[in-house]
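Novice: here is my input; please provide its structure:
(chains A and B)
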Amino acid sequence: MRRTRVIPILLLHNRGLVKSVKFKNYKYVGDPINAVRIFNEKEVDEICILDITATRQKRPPDFEHIAEIVSEAFMPISYGGGVTGLDDAERLFYNGVEKIVLNHATVDRTDLIGDIASRYGAQSVMGSIDYRKNWLGRQSVYTLNGEVAVKLSPLQKAVELRDLGVGEIILNSIDRDGTYSGYDLKTIEEVTRAVGVPVVACGGASSVDDFRKAKQAGASAVAAGSMFVFQRPHNAVLISYPKPEILKKELFTK
Amino acid sequence: MVNSIAILDFGVGNLKSIENMLRKAGVSGVSIARSPDGVAAAAKLILPGVGHFDNGMKKLRDSGLCDILNEKVLGEKVPVLGICLGAQMLTNGSEEGVETGLGWIKARCERFDIDKMQEPLSIPHMGWADVTSKKKSPLTSDLPDEPRFYFTHSYHVVCEDPADVLLSADYGVEFTAAIARGNIFGTQFHPEKSHKFGMKILANFAAL
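Specialist: Numbering: from 1, shown residues only, chains lettered A, B, ... in the order given. As a prediction, the model looks like this:
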């Protein structure tokens, strides 16, 4: 049986967890340590923690807080937000983070990917691509929470990240974030065909069926935010994760 | 200490996570060893490691721990558990680099070859995989049902003697997921990040 990783993405804001719709309308969803404990009990595959204000506030990661969160996590953790140098990465690894997620740093610190990869291996660096349709209707990459245009298509950016040495790419559709409208299968297919490194699909998931479609489109892993922290129809906060039997039946390959 | 476990700190690897998981498993007497004295005092050793093979071996040699390690593992037959790169370092060497490994297990590390896979899969192999037991060992006794572990690697161990293979897993090809020979153990996966399955492996190691 080949398993596909199913990854909750948790957004940190002032030491609390929030969730957005299209990278806007942030809603408080709870305490990160508590959330990680619940995800532990549910034996989730992996957790991705992104501090969404660190880079914008030009501050380093909140190392102490991250260490505290990670000490409760008995699954792999990736972390992104405010990492600008090798010493930041080093400290995070020392505290128990497996993978560093780089987004804005891939624009202004292109050497950082190679620096981390050569020391800790490619598998320890994830490149994150946030993209949405620009005013011309073309898919375009943005950094800093979708605010600054990079002037590359997601495919161009993915190839660039692969060539810089990332071990994995998170492909996040801003237009689908928090909308439950399904993944952007077209872009997933286009990117996975071109890059060869694992691609994590993100943005729009509402069901295990969406996971299955992303996998068929070529994704190595699937990620979601809202689906794991909200209960529909009223988006009440409720942490959930698909049951192992369901994933086995509907997602994994025999 | 009579039954102490020392996690070797030679500058590569996720020591905190291993310490955390041992604590969760209720194991006491865990220390981080940076000096030959720290290694000498331990009853069991854990060799962590992430990253490039040559970097790991160089760092281990530079740490000045190799002599005492050889003495403890080959002389005193103290149980040792290598994790991920730490498991690969137990072998003679790796395709990834030119450095010589510890050579405690007759094996080499090879890169996943996409041409040998039944279906082309991305490299590195990142994710959870089910394992198949190849022999009995106290390290893998009483694992919870359907044991699965977290892997993140591009290279894997290829044993000269198939009897040294403890667990295998599949990633387009069957590969060695854990090795065991006498007092020497290695897991390609990360038990410290593998929920109750990994906790059981570490608890078993602590109980050896």
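Novice: so where is chain B shaky, pLDDT-wise?
Specialist: Filtered on pLDDT under 70, chain B yields the residue ranges B:1-2.
Novice: cutoff 80 now
Specialist: For chain B, the stretches with pLDDT under 80 are B:1-3, B:12-14.
Novice: excluding sequence neighbours, find me the nearest residue to the residue of it positioned farthest from its centre.
Specialist: Most distant from the centre of chain B: B:E119, at 27.3 Å, with distances by Cα atoms, centre = their mean. Residue nearest to B:E119 in three dimensions, not counting chain neighbours: B:G172, with 6.0 Å by Cβ to Cβ, 6 or more residues apart in numbering or on different chains. Yep, even glycine has a C-beta here, placed from its N, CA and C like the rest.
Novice: tell me the residues of chain A that contact chain B?
Specialist: By Cβ under 8 Å from any Cβ of the partner chain, the residues of chain A that approach chain B are A:1-5, A:40, A:43, A:45-46, A:67, A:70-71, A:74-76, A:93-96, A:98, A:118-124, A:167-168, A:196-199, A:220-221.
Novice: same thing but at 7 Å, please
Specialist: Contact residues (Cβ under 7 Å from any Cβ of the partner chain) of chain A with chain B: A:1, A:3, A:5, A:43, A:45, A:71, A:74-76, A:93-96, A:98, A:118-124, A:167-168, A:196-198, A:220-221.
Novice: in strands only, show me the residues you listed.
Specialist: Assigned to strands by DSSP state E, the following of the residues of chain A next to chain B qualify: A:R5, A:E168, A:A221.
Novice: a markdown table for those residues, including pLDDT and neighbour count?
Specialist: A markdown table is the format used below for these (pLDDT from 0 to 100; neighbours: other Cβ atoms under 10 Å in any protein chain shown):
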| residue | pLDDT | neighbour count |
| --- | --- | --- |
| A:R5 | 97 | 20 |
| A:E168 | 95 | 27 |
| A:A221 | 97 | 25 |
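Novice: quick check: the residue of the stretch 151-254 of chain A nearest chain B.
Specialist: Relative to chain B, the nearest point of the stretch 151-254 of chain A is A:P198 (4.3 Å; Cβ to the nearest Cβ).
Novice: pLDDT wise, what is that residue at?
Specialist: At A:P198, the model reports a pLDDT of 93.
Novice: wait, doesn't it sit right on B:S122?
Specialist: Yes. Using Cβ atoms under 7 Å, A:P198 is in contact with B:S122, at 4.3 Å.
Novice: who's more crowded, these two?
Specialist: Set A:P198 next to B:S122 and count neighbours by other Cβ atoms under 10 Å in any protein chain shown: A:P198 wins out with 25 against 22.
Novice: how about the contacts made by the more buried one?
Specialist: Contact analysis of A:P198 by Cβ atoms under 7 Å, 6 or more residues apart in numbering or on different chains lists A:E168, A:S220, A:A221, B:S122, B:M126.
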